[in-house]
Structures are given as C-alpha cells and as structure tokens.
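Chemist: can you look at this prediction? I've put the sequence above it.
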Amino acid sequence: MKRQRGRTNLPVPAIALACSAIAFFALPLIGLLWRAPWSQAWRYINDDASLAALRLSLICSLWATVLSIVFGVPLAWLLARVQFRGRSFVRALCTLSMVLPPVVGGVALFFALGRRGIVGQYLDRWFDLRLPFTTAGVVLAQTFVAMPFLVVTVEAALRQLDGRLEDAARTLGGAPWYTFRRVTLPAIGPAVVAGSVLAWARALGEFGATITFAGNFPGTTQTMPLAVFLSLETNPEKAIVLALVLIVISFTVLVVLRDRWFFGRNGGSSTALP
Amino acid sequence: MLDLQVDLEVRPGEVLALLGPNGAGKTTLLRCIAGLSVIDEGRISIDDVAVDEPLTGSFVVPERRQIGVVFQDYLLFQHLTVIENVAFGLRARGMRKGDARRVAREWIARIGLDNYATQLPKSLSGGQGQRVALARALATEPAVLLLDEPLAALDSTTRADVRRDLRRHLQAFTGMGILVTHDPVDCYALADRVAILDAGRVVQIGTLTEVTAHPRSRYVADLVGVNLVSGEVVGSALTTPSGVVVIVADAAPGPSLAVIRPHSIGLTRGPVVESSIRNSWPGEITEIDRLGDRVRVGVTGALTLTAEITSAALDAMHLQIGDEVTATAKATEIEVYAA
C-alpha cells in the first residue's frame, strides 16, 4: 500500500463526508455507553431470563449459520456455475429476504409453515410437527433472513474463481464432486467463512421474522433482540445492558475474523463485507 | 461462435504442433480433445475409442479420458503443495495416499524440484511452475498429452531452458502429444509434425522442414516460412554439422538454432565483392514461387535457403531456375535460440 505517499493529496470533501459517516455509526454506541448503568450491569446480565435469552440467541444463530452453510453453499454454486432458464428469477427469489422487511418474511413463513400453512398443515397432520412458536421456528426464521448473505458472498467468490481450475482438476481425473471438494471449496474457503460470519451476525440480530413466526416465549423463542425490545418498555436500563452485550459479541467476532479472513491471506480479494 | 473444422491424426510417440495466431481455434481444439468442450459433429477418438461422437451419442467425460493437460498459465492448485499438486491426478483416480505421494515424489525428482516438494505454488518461479504443471499432467501416465502454449508465459531467458527440459520429457513420453504454440522455434524443438491452423481450418500439415520450406500460402509463409539452421555457436559464428559457417550477433555459445527470415535474405548475381553484410552463401536457384507480388526463391548450395524478394526485383534481375547467385544476410538480422 502506498498510504504514506497518498496522504499528501487527500480529497478534503471526501474525508469530511467519511468522518461524518463514522460519527453516525459511533454516536449511537457512545450514547449507549454513556447511559449504561455500569454499577447494575452484572446484575442485569446475570439473571435467569437474560441468560436464557443469551443462550437461546447463541444456539439458534449458530444453527441458522450451519443450515445456511449446508444449503447456501450448494445454492451459490448452482447460481454461479449452472446455466438454466430463470436463473436470475431464482437468484432474486433466494435473496429477496435481504431486502424484505423481516416482519413480512415472518408472516410469509407463517402462511407456509404455520399450522394452516400450505406445507405446515401436512407437517402437523402427518408428522405432528409444529414449527411456529418453537425454538426450531426461531432457527428457521433466522435462516430465512440470514442465508442470502452467505449465498451472495459465496456466489461472488465463485464467479471470481477461474473456472479453468475446475477444468484442470477434471482433466486430472477428478469427478465433479471430488473436484468441488478438493479444488472449488478450498479456493472459496475464505468467502464461505466471510459469508458465514455475515449470516451469523444477521441471525443473531434477527427480530422481526422471529417475533412474527416464533413469538416471544421466554426460554424457547425469546432471543436477545426480543429481550432487549421488551425490556425497553419495562426496564430501559436492562435493555441498554443487554444491547451492549449483543454489541460486544458481534463486534468482537467481526474484528477478530475480519483481519484473518476478509483482508487476510488473499489480499482481500474475496468478498463484500459488513 | 468459432467455426472449427479439422481432420488430424496423431500417432503414439509423436508430437503434433498446432501452430496459428490467436483466435485460430487452437485452444478450442485442445478443449474438445480434453472433453471440456463438445463438438457438434464428427468424431474424436483416443486409441480407437470414440470419446466424442455426436452421431452415436458417445461422450466420455474429461475425468474418464486418458489425457493430461498443461495449461498456458499452468493452473496449479494454489492451496496445495507441489507434491499434492503432482499427486492430485493419482488421488483423483483412486490411488492410495502413500502410493500417490511416492509416485509424485519420483516425478518431482525427475523435474529437479526435490527441495520444493512441500512448498506452495506461489513460491515457484514461472519455469518451475511450468515443470510442476508438466509433472502433474504426466504423473497419471496419460495416453494423450495436451500442451497449451506451455512456454508462452515465460521470459525469453528461462524459455530456452524450459524448452530443453520439455523436449527431454516429450522424447521420453510414449503417448500422443499435441502442442499448441505460435512460435516456430517451439515446433522445431518439440514437435515431429506441424499443423497450421487458420480461422478454424488446417491450412497445411507436414514436418516442420516441409512446411517452412514450402509454405502453401502467403499466410503460412508469414507464419513459419523461415530458414532454420542448427549448429554450434562459438564466438560470433554458428557452425553447422556439415561445416557451413553462419555469422551471428549476440549469441550465447553452445548448440543453437538460427532463424533467418526470408525477407532478410538478399540475392546477388556472382560473388559479393565488398560489403558490410557478413554472410554470403553461393548457390543455385532451385525454386521460384510467386505469392502475390512477392516471390520466394529457393537457393541450394551448402545451405538450402529461401529468400523472399519482390517480383519487381526478380524481373529486373531476370532470375531463373538454375542461375548461380549468392544469398546474403546481415548477422544482426539473424535470431539465435539455444537449442
């Protein structure tokens, strides 16, 4: 990087705007820190309801990340590598929940998988399986909004990857699945990690789809964001502390993983980032 | 879409060079043979087995063809070490890990990169990368070896070394070799026959000597119609096995190949009395080929050379077959390659 030499002719307006943007992101955080009831913090965190919400949040968001990887990587591969009619339609469909208001996603999930939904009624009748208002429902709602982040990231990496590497593997006798496992996957590894982190962060912060589809039952469906929102009405101080816990977790993961994976060994060629 | 129509046959132990400009269809042809692209009609067979024949619906997927490919930019797997790269084909074909590594290690020794076995490809130089790509392709003992401009990515100093290594490996290779290149020197060093490709068609095929001496079109003449003289360079002179001396400039000592372009050869009636031109070879005109307003004149003496002059010059000098002439060439216009 030629940062040293570039420093002499920085465009002042761009710097000013950039600094304003930084302030815009920093100020709310400072506001929270400023209003936080530091002496009470530990008491608020260390109560059963908060710990249950925290535990549920972590478990559900990790499950949502696992599901996003298992289904999202093949989906990204399909979108990037296989030519078929209606591909752009499928891509739009699969990434719609990125731009959809999460509440709408929750409602839609409800009519699909709810007890009277098009699929949900059969799940209920045949398998006695009910997803709404359960922990599994939380995972589904989170996966629904989080997976597109992984898909978009991994698809971009696949498009950048020289397809001839896969050609080379096939001429060496690598069947498609072997080639995917030993050549494609390692090459897009950093993007898969980056996409997973994005998806996980999105799942951790999920609110709208969760509360609509899975409700707000302490211990089974009340995740941290829900707990924060509800505390805001009854006990604002507790809401601030819980919000800070969420921020610390997300921030730590982003900072730690960002250096290693986003701008890491490949010189940052891999992805779009948070 | 490229319209590619060719009819070629390669025998085991033979290397066929495909020579032609960018866009002539060379790489596409290799991809079809490898199974990475499909043909619309016709037939590709390897060892008499049809691997792509639309009429009968037979198609063998790339991983089941007995092929090895050296790609232009090598396409080494950057996340695998050198030995893992070389072992890749063996592993993919189901060989056990220990066995595959042992075979790979032998290949790495053969290409002289023992010390790099556990390194990643990014630490290799261009020439080393090329050798690893070659070892990776040969390790599975393919029936067909496809080389796509294997030397094009190298700088001119390493190219000669790598070319010499490649030649050694190709001579030891018992399968069929197909080499794509746009450099006549590669054909000379590495191939037994050469097929000239232009806009998807084979415009001429034969041994390099035939094709360079008798280009059948203006196009082929421009591409490969050069005089090739091999010999030993000592000081500023290249001496052929039959004792003819070619004065050259800036050549490294050792076995070499001189490329004398026909348009840099002049023809003089009788002996050259005094001139700055260092080379003069007397001979007799054996051939006169008119290609447009230029003429290729074959002169046979101690060397067999082709000169290219304008038809105006030919007419003015009243040159005819059987005339005694002296062919001249400036030392600085002769390119010399280590062979």
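Modeler: That came through, no problem. Remember, it's a predicted structure, so these values are computed and weren't measured experimentally.

Chemist: pull up the per-residue confidence for whichever residue of chain A sits closest to chain B.
Modeler: Relative to chain B, the nearest point of chain A is A:Leu172 (3.6 Å; CB to the nearest CB). For glycine as for every other residue, the C-beta is placed from the backbone atoms N, C-alpha and C. On pLDDT, A:Leu172 comes in at 95.

Chemist: phi, psi for it please.
Modeler: Dihedral angles of A:Leu172 (phi, psi; degrees, to the nearest 10) stand at phi -90, psi 0.

Chemist: what does chain A have sitting close to chain B?
Modeler: By CB under 8 Å from any CB of the partner chain, the residues of chain A that approach chain B are A:162, A:164-165, A:167-175, A:178-179, A:182-183, A:186-187, A:189.

Chemist: are any of those buried, and which?
Modeler: Buried members of those, counted by 16 or more other CB atoms under 10 Å in any protein chain shown: A:164-165, A:167-175, A:178-179, A:182-183, A:187.

Chemist: let's test this: mean pLDDT of stretch A:190-202, rounded?
Modeler: Here stretch A:190-202 scores 91 as its mean pLDDT.

Chemist: and the helix or strand B:Arg105 falls within, what does it pack onto?
Modeler: Assigned by DSSP states H and E, B:Arg105 belongs to helix B:97-110. When contacts are defined as 3 or more CB pairs under 8 Å, 6 or more residues apart in numbering or on different chains; DSSP states H and E, helix B:97-110 packs onto helix B:82-92, helix B:126-138.

Chemist: rebuild these as a markdown table, extending it with distance to A:Ala214 and mean pLDDT.
Modeler: Shown next, in a markdown table, are the helices and strands packed on helix B:97-110 (distance: least, CB to CB, whole Å; pLDDT from 0 to 100):
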| stretch | distance to A:Ala214 | mean pLDDT |
| --- | --- | --- |
| helix B:82-92 | 45 | 95 |
| helix B:126-138 | 52 | 93 |
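
Chemist: what about the helices in the chain?
Modeler: Using chain A. Under the criterion DSSP state H, chain A contains helices at A:3-6, A:12-35, A:41-45, A:48-81, A:87-99, A:102-113, A:120-127, A:135-160, A:163-171, A:176-179, A:185-204, A:208-213, A:224-234, A:236-257.

Chemist: wait, I meant chain B there
Modeler: Under DSSP H, chain B gives helices at B:26-34, B:82-92, B:97-110, B:126-138, B:156-172, B:184-190, B:208-213, B:218-224, B:311-317.

Chemist: least reliable of these going by mean pLDDT?
Modeler: Lowest mean pLDDT within these: helix B:218-224, at a mean of 78.

Chemist: which residues does the residue nearest to A:Glu237 when sequence neighbours are not counted contact?
Modeler: What sits nearest to A:Glu237 in space, not counting adjacent residues and going by CB to CB, 6 or more residues apart in numbering or on different chains, is A:Pro37, at 4.4 Å. Counting by CB atoms under 8 Å, 6 or more residues apart in numbering or on different chains, A:Pro37 touches A:Tyr44, A:Glu237, A:Ile240, A:Val241.

Chemist: do A:Ala169 as well
Modeler: A:Tyr178, A:Thr179, A:Arg182, A:Val183, B:Phe77, B:Phe88, B:Ala92.

Chemist: tell me who's in contact with the fourth one.
Modeler: Under the criterion of CB under 8 Å, 6+ apart, the neighbours of A:Val183 are A:Leu165, A:Glu166, A:Ala168, A:Ala169, A:Gly174, B:Phe77.

Chemist: repeat for the second one
Modeler: A:Thr179 makes contacts with A:Glu166, A:Ala169, A:Arg170, B:Glu63, B:Ala92, as judged by CB under 8 Å, 6+ apart.

Chemist: what number of residues lie near the first one?
Modeler: The tally of other residues near A:Glu166 (other CB atoms under 10 Å in any protein chain shown) stands at 21.
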